[in-house]
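Novice: Sharing a sequence plus its predicted fold:
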Amino acid sequence: MAVPAMYVVDAGLAAVFIGGLLLLALAVWWSRTGDGVEIPRERWPGLAKAAAAVGWALFAGGIFLQILGHFSHVGVARW
């Protein structure tokens, strides 16, 4: 069970993993659909563009949450 002060950091870590897995799934789709040929982003389906945006937002937001939680809630990291 997590310490209450670490909930923000744990949520950030979960968001990083989910965002990374979403980006990895998108990369697998891209490599299988393109069959080794580059697919320009403007030809991506709307769902793939949305998945990429959500994946990057989760990944970057998760890192931000970890940093925020570490420096604001965890006692040893206070300035």
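Specialist: Looks like it arrived, so ask away. Since the model is a prediction, treat every value here as computed from it, not as a measurement.

Novice: Report the secondary structure element holding the residue positioned nearest the centre of the chain.
Specialist: With distances taken as CA atoms, centre = their mean, residue 59 lies nearest the centre of the chain, 2.0 Å away. Element membership for residue 59 (DSSP states H and E) is helix 46-72.

Novice: Go ahead and confirm the residue nearest to the centre of the chain touches residue 19.
Specialist: Yes. The criterion here is CB atoms under 8 Å, and residue 59 meets it with residue 19 at 3.4 Å. C-beta here means a position set from N, CA and C on the backbone, and glycine is covered the same way.

Novice: Flag the shaky bits of the protein, pLDDT-wise.
Specialist: Scanning the chain for pLDDT under 70 picks out 1-5, 35-37, 73-79.

Novice: Look up how far residue 62 lies from residue 22.
Specialist: Note on residue 22: its distance to residue 62, by CB to CB, to the nearest Å, is 11 Å.

Novice: more neighbours, those two?
Specialist: residue 62 (21 against 18; other CB atoms under 10 Å).

Novice: looking at it, the more buried one is touching residue 10, isn't it?
Specialist: No. Residue 62 is not in contact with residue 10 according to CB under 8 Å; the separation is 10.3 Å.

Novice: Just to check, residue 55 is in contact with residue 17?
Specialist: No. Using CB under 8 Å, residue 55 is not in contact with residue 17, being 11.2 Å away.

Novice: Look at residue 45 and say how many residues are nearby.
Specialist: Residue 45 has 10 nearby residues by other CB under 10 Å.
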